[in-house]
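Colleague: sharing a sequence plus its predicted fold:
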Amino acid sequence: MSLLLFLATLPSLYWAQPVRTAPALKGAGIERLCVPPESAAAWRDVGFTVVPLGERERSERTRLQVPGLRSRAEVASATVRPWVNANGWRFLRAPEGRYWGDVPAGKAALAAAEAFAYGADAVLAIDPADVESLGRMMAFLSSVPDRALPAARDIAVVDDGSPPVAEILNLMARRNLLFAVTRKEASDVALNVRLGSKEFPRKEAQNPESFALSVRRRLTDGRRSLRVYGSEVVLARLCRDAGRARLHLLNYGGRTIDGLRVRLLGRWVPEEVRVFGQGPTVPEELLAAEGATEFSLGLLGPYAVVDLRAAN
């Protein structure tokens with residue numbers, strides 16, 4: 001089996017533990033693995049679907065950050081925006097990339113959900129203590145039906161491949177600004193961002209936080225396809241066409257959030273809400289007004305998927 005086919009829908013688990021750990025994996029519902037080549041036959045013999053993944057291919061994959069919050073001990077203010085480590089901007093910058101994540105204990109479920117939300121070719125090496133939580137997340141992701149929709153974008157960022165552009169993309173993603181990474185300016189977006197242009201001088205990129213805020217102000221909140229209220233640690237991805245939409249919500253805070261509110265430009269009707277770790281869920285306080293749709297979710301753990309249809 002090719003690795004591309006193996007990773008067609010879900011992130012994959014890299015497992016270098018001995019075959020005697022097979023019962024723990026099967027108990028968690030995990031039966032697909034990437035393994036060192038020398039152990040592939042043994043894992044097949046105990047009933048797993050495996051793809052050998054050698055050291056060279058592992059080293060060629062782009063390393064991901066550990067998703068979650070990064071502590072900033074040097075900053076004492078309670079008003080400082082939490083620093084979210086997330087990989088969505090990397091996936092958007094290089095959608096055809098191949099990625100590798102060394103995931104410490106407690107982060108496997110979020111890492112898997114993040115890769116799934118962006119359709120990334122990601123292999124995750126997790127702490128063995130997270131096998132059960134990863135299994136639960138993989139089962140949840142497997143239950144989400146395919147819905148091939150283009151990513152929504154309000155902004156086109158012309159990428160010159162430089163580190164400043166990378167940091168700008170990172171900061172824009174953390175502000176839930178929906179962007180596409182392009183080679184040239186686009187005509188089908190509300191705002192084009194090209195570093196070095198009259199509107200966005202290169203010197204302003206020396207302060208990426210300020211630069212991202214200036215992008216938001218130029219776009220204006222009224223033209224944003226998506227806004228998230230009630231948390232600075234939830235990052236969203238919106239995919240849509242004229243009649244359907246899918247909203248991915250990733251909670252990087254490590255704690256359950258109660259009462260997250262979402263605003264989508266246009267008139268939409270939520271059809272199905274899937275929240276990891278919960279049963280059937282319905283949106284709360286649904287409101288359609290002024291050309292936009294708003295709703296709230298109750299409890300939100302690491303990941304949720306909301307499917308919507310356009311209102312008649």
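Modeller: Looks like it came in fine.
Colleague: state the number of residues packed around the closest residue in space to P128 that isn't next to it in sequence.
Modeller: Ranked by CB to CB, 6 or more residues apart in numbering and with sequence neighbours excluded, the top spatial neighbour of P128 is Q17, at 6.1 Å. For glycine as for every other residue, the C-beta is placed from the backbone atoms N, C-alpha and C. If you count neighbours by other CB atoms under 10 Å, Q17 ends up with 14.
Colleague: what of P52?
Modeller: 16.
Colleague: A28 too?
Modeller: Residues near A28, counting by other CB under 10 Å: 18.
Colleague: now do G106
Modeller: G106 has 15 nearby residues by other CB under 10 Å.
Colleague: distance of the nearest residue in space to V158 that is not next to it in sequence from P128?
Modeller: Excluding its sequence neighbours, the residue lying closest to V158 (CB to CB, 6+ apart) is R194, at 4.1 Å. Counting by CB to CB, to the nearest Å, the separation of R194 from P128 is 46 Å.
Colleague: those two: which is more packed in?
Modeller: R194 (17 against 13).
Colleague: check what pLDDT that one gets.
Modeller: pLDDT recorded at R194 is 95.
Colleague: spit out the contact partners of it.
Modeller: Residues in contact with R194 (CB atoms under 8 Å, 6 or more residues apart in numbering) are 157-158, 185, 200.
Colleague: for those, give me CSV that also has distance to R61 and pLDDT.
Modeller: Shown next, in CSV, are those (distance: CB to CB, whole Å; pLDDT from 0 to 100):
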residue, distance to R61, pLDDT
V157, 24, 97
V158, 26, 97
E185, 31, 95
F200, 32, 93
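Colleague: take those and keep only those in helices.
Modeller: Secondary structure from DSSP state H places none of the contacts of R194 in helices.
Colleague: quick one: the closest residue to Q278 other than its chain neighbours from R244, how far?
Modeller: Spatially, and ignoring its direct neighbours in sequence, Q278 is nearest to L299 (6.6 Å; CB to CB, 6+ apart). Separation of L299 from R244 (CB to CB): 26 Å.
Colleague: hey, what's A289 bridged with?
Modeller: Assessed by DSSP bridges, A289 has beta-bridge partners A292.
Colleague: then V228?
Modeller: V262.
Colleague: residue contacts, it?
Modeller: Here V228 is in contact with 176, 234, 236, 249, 260-263 (criterion: CB under 8 Å, 6+ apart).
Colleague: let's see that with 6 Å instead.
Modeller: Going by CB atoms under 6 Å, 6 or more residues apart in numbering, V228 touches 176, 234, 236, 262.
Colleague: model confidence for R58, exactly?
Modeller: So, for R58, pLDDT stands at 95.
Colleague: which SSE is immediately downstream of the strand or helix carrying L33?
Modeller: Following DSSP states H and E, the helix or strand that holds L33 is strand 32-35. Scanning forward in sequence from strand 32-35 by DSSP H and E, the next helix or strand is helix 40-45.
Colleague: which helices and strands sit right next to that following helix?
Modeller: strand 49-52 (3 or more CB pairs under 6 Å, 6 or more residues apart in numbering; DSSP states H and E).
Colleague: which of the contacts of V228 lies closest to L286?
Modeller: Nearest to L286 among the contacts of V228, counting by CB to CB, is V262 at 10.5 Å.
Colleague: and for the closest one, the neighbour number?
Modeller: Neighbours around V262, by other CB under 10 Å: 23.
Colleague: give me the pLDDT for it.
Modeller: 97.
Colleague: how close does it get to S143?
Modeller: Counting by CB to CB, the gap from V262 to S143 is 22 Å.
Colleague: what's the burial count for R217?
Modeller: Number of residues near R217 (other CB under 10 Å) recorded here: 9.
Colleague: I meant R309, not that one.
Modeller: Using other CB under 10 Å, R309 is surrounded by 13 other residues.
Colleague: so how far is R90 from it?
Modeller: Applying CB to CB, the value for R309 to R90 is 31 Å.
Colleague: what's near enough to touch L226?
Modeller: So, once contact is read as CB under 6 Å, 6+ apart, L226 ends up touching 178, 236, 238, 264.
Colleague: help me confirm that the third one comes into contact with D154.
Modeller: No. Counting by CB atoms under 6 Å, D154 is not a contact partner of L238; they are 9.7 Å apart.
Colleague: which of those two has more neighbours?
Modeller: Counted by other CB under 10 Å, L238 and D154 do not tie: L238 has more neighbours, with 23 against 20.
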